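Student: Can you look at this prediction? I've put the sequence above it.
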Amino acid sequence: MEKYCTVFIAPEETQLTQSEIQKSLESGKMDDKIKALKSLVIQIIHDESFNRMVMTVINTLVPIQDDSHGLKKILLFYWEVIEKTHPNGTLKEEMILVCNGLRKDLLHPNEYIRGRTLKLLSRIQLRGILEPLQSAIVENVSHKHVYVRRNAIVCLYEIYLNFGDDLICDLDEMMEKFLVNETDLSARRNAFLLLYHVNQQKALDFLSNSEEGDIFQLSILELFRKVCKQDPSQKSKLLKTVFQFARSKSPSVQYESANTLVALSSSLTLAVNIYMELIQQQTDNNIKLILLDRLEYVLNAHQRVLENKVQELTLILHQQSLDIRRKVLNMILKLVKNESCVTVIQALQKELQRSQNDNDLSVIEFRNLVFSAIQTLVDQFPIVHETVAQIVVESYLQKLDDTQGLYINQIITSIVEHNNDKAIRKLLTSFQARFTDIQNVQVFKSALYVIGEFSDDPDKQLQQIKTAIGPLPIEIEKVKLEEVTQTKIKTIILQDGTYGTQIVTQEHQSKFREFLTNNSILSSQLNRTFLKLLQRSKEYNTNAVSVLLTLLSLLRFYQNNQQRSDQDTIDKLVHSIRILTGPNVQEELKNLNTQLKRPPRKQIQIQQVQNVILKQPDDTLQIRQLKPQEDYFEEEVPIFQQVEQNTYVQRLNHIVQLTGYSDPIYAEAFINVHKYDIQFEVLFINRSPKMVQNVQIEFRTQGDSKILERAPGVTLQPNQQSKVKTSIKFSSSDLGVIFGSINYENNAGIEQPYLVTKEINIDLIDFIIPSDIDLDQFRKNWAKYEWENRIAINTSLKEPIEYIQFVEKSLKLKQVIDYEIGGEIIALNLYAKTKLDDDLLVNISVEKIDERLTGFVRIRSKVKGIVVNLGDKLKALQAQVI
């Protein structure tokens, strides 16, 4: 028979013996009696049997009246922990005397003793004890003290759940009267829960005719969700009350009302409005993140509900928290449409203007996120190109880091590829006027490309670029920033007190020459720009000499400083010099510029679409309406692939046998790894010919872990089976091995030798989730993370593409950029995340030499255990490939 423990007290080092306890109870002082009773309670809790002590306690302690009530408090614990029934389930005879004492306590003048006794009776659900006490319990419902009334309602609630209305009748009328007169919110909540279980209609009628406090309303909403989950037909009755609660002035009630609407209703507009309003009202960032998580859940399930909330979401970008801003930006990018894209771009422009003078790290990271979002919008919505061009004009003269400069470079490239004339003209005008003021190497690259491709006055631009480079030759020890004179009109106060103007000369330094000496890729772009401008130059001879001298100076500089250049740049410079010094220069320049001209993006997209075969004549037809509801929105999958996606088959792959077939109890477990815990669903089968009881299993790990949900003990008849669940919480993916043990008792209640289960090895692969990441963020994380494991490729596979696919599938990785890879030399970046949100960065460099694959796989992460374990896993998997 199963035993439930409602009280647990840690044992003391020394306990009194049975004779010492009896002696203290019969002849000791009050302090000795209390000490003896405490020792008796603790020992009974820890499975010591003192069946003969019940009458001693009744005779010696029950008649005592203690003004401090310390003895009475411990005595109530004693009544709770002792055995009250015989093994056959009948009530023990001495319990009749105990009932008499409990009745006196229920009618005691002290409200604490009454309330504590009612709490005790709510845990003792035995008909033989409760039946004689029902009138006394009902009498306490109308007691003057709220502590007594509250516990009386709880006691009635537990009696109704276990015995229905057999013991106490007319509970619905009693609760209606109680709710009308009661003022305590906690007691009213408990009474309403009881009324709802007894008579739902009366409970709903009461709600429609009254206004309740926060605690009461929150408990009602929680009750509604549970009821609708069990009986969906109740939704229509309960939603009216939920809409009423949604108009509450309490933020907590509004939030729970919105959650209830999301769970129960298909009309989510009101819930979304509540979430948005609470985000604007609350000041705690953690609360705002929770509300944004709820909005994100609605977005993923019902995107149309949030499509008209884009402008309101842009207002949340004013927050200082980077996490909030990142979440909001991601939601906006999912929701933005043609109608709202201009509004979103304008809002992002204001955010950039607001944060331009702030050098805080979180603000810089936010600006990177904004530029990334602008780049995404530029690719999707050509209508915003002019506004984005204005943003670029306002931003590129500011102090930018490398990431922001790269985003601006990509934005300008997208505008040019879409061939938006007005936006390109705006960029060109700005670059021509402020070329020497640029402060970022990536922006210089974009400016050179735009000037070389679209400039109307090539002679003037050639002279401006030459001025920015400075005097020749370019030498590292004489690198100086070219000083460019700028004038500024300043208002001053004259000697006679009147206002006047003064022209102030300022010395401005161009960084173009410095960037050329440190960035050879910029020199390649300068080389292409020179050739494009020369082809259209009206003063070709003069400008050609100047360009040739500049290219020769750069070539000499890079040849003398190999560490500052690459061979590709040197080859391009040599090729350009040969063109300028050879015959048919104009024809060569024309042919070269034609090759360098990039086609508009629209033409590329049309050409790609035309080459794609969408369907074959003999493809299987998928009729969505005939699919199960849970598969309705899934992509069409060939029939032969659907077998691999079977959930049942996947569960079989995660089942571990814990004990042997010859053990008294056979056990196996299905292991499910969640984000921060591991859930075990354990199957017990009694293989012995006798009944076993209190069968329990417990798991432990090598690292830090915590048992979240202890599996309850079960009773098994011969050949009977039962399933239990237990969970372990962990804080690191480096779990290693999980140990377990099974404890059980025989029919007589004697504990048997425990069974040690098979060790469970948690595979790190179970923690990995394929994920997407931006290439710039991948590079930034690669430079930031220190832990690296370098694994040599040693496999029997013959083709590089086969090895790449093998690693992707085995380690659950995803390509950072989805290339159509092939060839005998492949270098590729892969990415994934663990369920603990740890990044996993992988770089594969593989080459085919003499029918054998060589190269390395480099794994990086901020967690050492991930890098080491995944490297060992890959080595083992490589060895298994045949």
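Tutor: Yes, it's here.
Student: Okay, and residue 669 sits in which element?
Tutor: Assignment of secondary structure by DSSP states H and E places residue 669 within strand 665-673.
Student: can you list contacts of that strand?
Tutor: With C-beta atoms under 8 Å, 6 or more residues apart in numbering as the test, strand 665-673 has contacts from 651, 654-660, 678-688, 692, 695, 697, 716, 742, 744, 755, 757, 760, 762, 766-767, 835. All C-beta spots, glycine's among them, are computed from the backbone N, C-alpha and C.
Student: Tell me how many other residues crowd residue 169.
Tutor: For residue 169, the count of nearby residues is 11 (other C-beta atoms under 10 Å).
Student: How confident was the prediction at it?
Tutor: Reported pLDDT at residue 169 in the predicted model: 81.
Student: Need the three-state assignment for it.
Tutor: Applying DSSP: H, G, I helix; E, B strand; the rest coil to residue 169 yields a three-state assignment of coil.
Student: what residue ranges in the stretch 601-750 of the chain score low on pLDDT?
Tutor: Under the criterion pLDDT under 70, the flagged ranges of the stretch 601-750 of the chain are 601-653, 675-676, 702-709, 730-736, 748-749.
Student: which residues in it form helices?
Tutor: Assigned by DSSP state H, counting those that start in this stretch, the stretch 601-750 of the chain shows helices spanning 601-610, 639-642, 647-652.
Student: now do the stretch 751-882 of the chain
Tutor: Listed in chain order, the helices found in the stretch 751-882 of the chain under DSSP H, counting those that start in this stretch are 775-784, 800-811, 864-880.
Student: Same question for the stretch 451-600 of the chain.
Tutor: 458-469, 512-518, 520-536, 540-560, 567-581, 585-596.
Student: and the fourth one, what does it pack onto?
Tutor: If you count contacts as 3 or more C-beta pairs under 8 Å, 6 or more residues apart in numbering; DSSP states H and E, helix 540-560 packs onto helix 458-469, helix 520-536, helix 567-581.
Student: same for the last one, what does it pack against?
Tutor: Pointing back at helix 567-581 there. Taking 3+ C-beta pairs under 8 Å, 6+ apart as the contact cut, helix 567-581 packs with helix 520-536, helix 540-560, helix 585-596.
Student: want to throw those helices into JSON lines with mean pLDDT, distance to residue 674 and mean neighbour count?
Tutor: As requested, the helices and strands packed on helix 567-581 are arranged in JSON lines below (pLDDT from 0 to 100; distance: least, C-beta to C-beta, whole Å; neighbours: other C-beta atoms under 10 Å):
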{"stretch": "helix 520-536", "mean pLDDT": "82", "distance to residue 674": "46", "mean neighbour count": "21"}
{"stretch": "helix 540-560", "mean pLDDT": "82", "distance to residue 674": "56", "mean neighbour count": "17"}
{"stretch": "helix 585-596", "mean pLDDT": "66", "distance to residue 674": "54", "mean neighbour count": "13"}
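Student: how about TSV for those, with distance to residue 790 added?
Tutor: As requested, the helices and strands packed on helix 567-581 are arranged in TSV below (distance: least, C-beta to C-beta, whole Å):
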stretch	distance to residue 790
helix 520-536	28
helix 540-560	32
helix 585-596	39
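Student: just so I know, which of those lies nearest residue 879?
Tutor: Taking C-beta to C-beta as the criterion, residue 879 comes closest to helix 520-536 out of these, the separation being 41.6 Å.
Student: Can you list the low-confidence ranges for the stretch 301-450 of the chain?
Tutor: Low-confidence segments of the stretch 301-450 of the chain, defined by pLDDT under 70: none present.
Student: Relative to residue 258, how far out is residue 339?
Tutor: Distance, residue 339 to residue 258, using C-beta to C-beta, to the nearest Å: 26 Å.
Student: Spatially nearest residue to residue 789, not counting backbone neighbours?
Tutor: Closest residue to residue 789 apart from its sequence neighbours, by C-beta to C-beta, 6 or more residues apart in numbering: residue 871 at 3.7 Å.
Student: ok, how many other residues are close to that neighbour?
Tutor: 17.
Student: per-residue pLDDT, it?
Tutor: Reported pLDDT at residue 871 in the predicted model: 87.
Student: and the gap between it and residue 787?
Tutor: Note on residue 871: its distance to residue 787, by C-beta to C-beta, is 10 Å.
Student: returning to that earlier point: so which of the helices of the stretch 451-600 of the chain comes closest to residue 311?
Tutor: Distances from residue 311 to each of these were compared by C-beta to C-beta, and the smallest falls on helix 520-536, at 39.4 Å.
Student: Can you get me the centre-to-centre distance for the closest one and its chain?
Tutor: Between the centre of helix 520-536 and the centre of its host chain there is 47 Å, according to C-alpha atoms, centre = their mean, to the nearest Å.
Student: list the helices and strands that helix packs on?
Tutor: For helix 520-536, the contact count by 3+ C-beta pairs under 8 Å, 6+ apart identifies helix 441-454, helix 458-469, helix 512-518, helix 540-560, helix 567-581, helix 585-596 as packing neighbours.
Student: contacting residues around the fifth one?
Tutor: Judged by C-beta under 8 Å, 6+ apart, the contacts made with helix 567-581 from elsewhere in the structure are 520-521, 523-524, 527, 530-531, 534, 544, 547-548, 551-552, 554-555, 558-559, 585, 588-589, 592.
Student: For that helix, buried residues please.
Tutor: With burial defined by 16 or more other C-beta atoms under 10 Å, the residues of helix 567-581 counted as buried are 569-570, 572-573, 576-577, 579-580.
Student: how many neighbours does residue 35 have?
Tutor: As a burial measure, the neighbour count of residue 35 was computed by other C-beta under 10 Å and equals 17.
Student: oh sorry, the question was meant for residue 265
Tutor: Residue crowding around residue 265 was assessed by other C-beta under 10 Å; the count is 16.
Student: now it: how far from residue 56?
Tutor: When C-beta to C-beta is applied, the distance between residue 265 and residue 56 equals 61 Å.
Student: Nearest to residue 846, out of the helices and strands packed on helix 520-536?
Tutor: With respect to residue 846, and counting by C-beta to C-beta, the nearest of these is helix 567-581 at 22.8 Å.
Student: what angle separates the closest one from helix 520-536?
Tutor: Between helix 567-581 and helix 520-536, the angle formed by their directions is 20 degrees, by axes from the mean of the first three to the mean of the last three C-alpha atoms, to 10 degrees.
Student: quick one: average pLDDT of helix 567-581?
Tutor: The model assigns helix 567-581 a mean pLDDT of 81.
Student: try stretch 781-798
Tutor: The average pLDDT within stretch 781-798 is 87.
Student: So which residues make contact with that stretch?
Tutor: Residues outside stretch 781-798 that contact it (C-beta under 8 Å, 6+ apart) are 773, 803, 806, 839, 841, 843, 846, 848, 851-864, 866-868, 870-871, 874-875, 878-879, 881-882.
Student: tell me which residues form a beta bridge with residue 680?
Tutor: Using DSSP bridges, the beta-bridge partners of residue 680 come out as residue 671, residue 726.
Student: can you pull the contacts of it?
Tutor: Shown in contact with residue 680 (C-beta under 8 Å, 6+ apart): 669-672, 697, 699, 711, 725-728.
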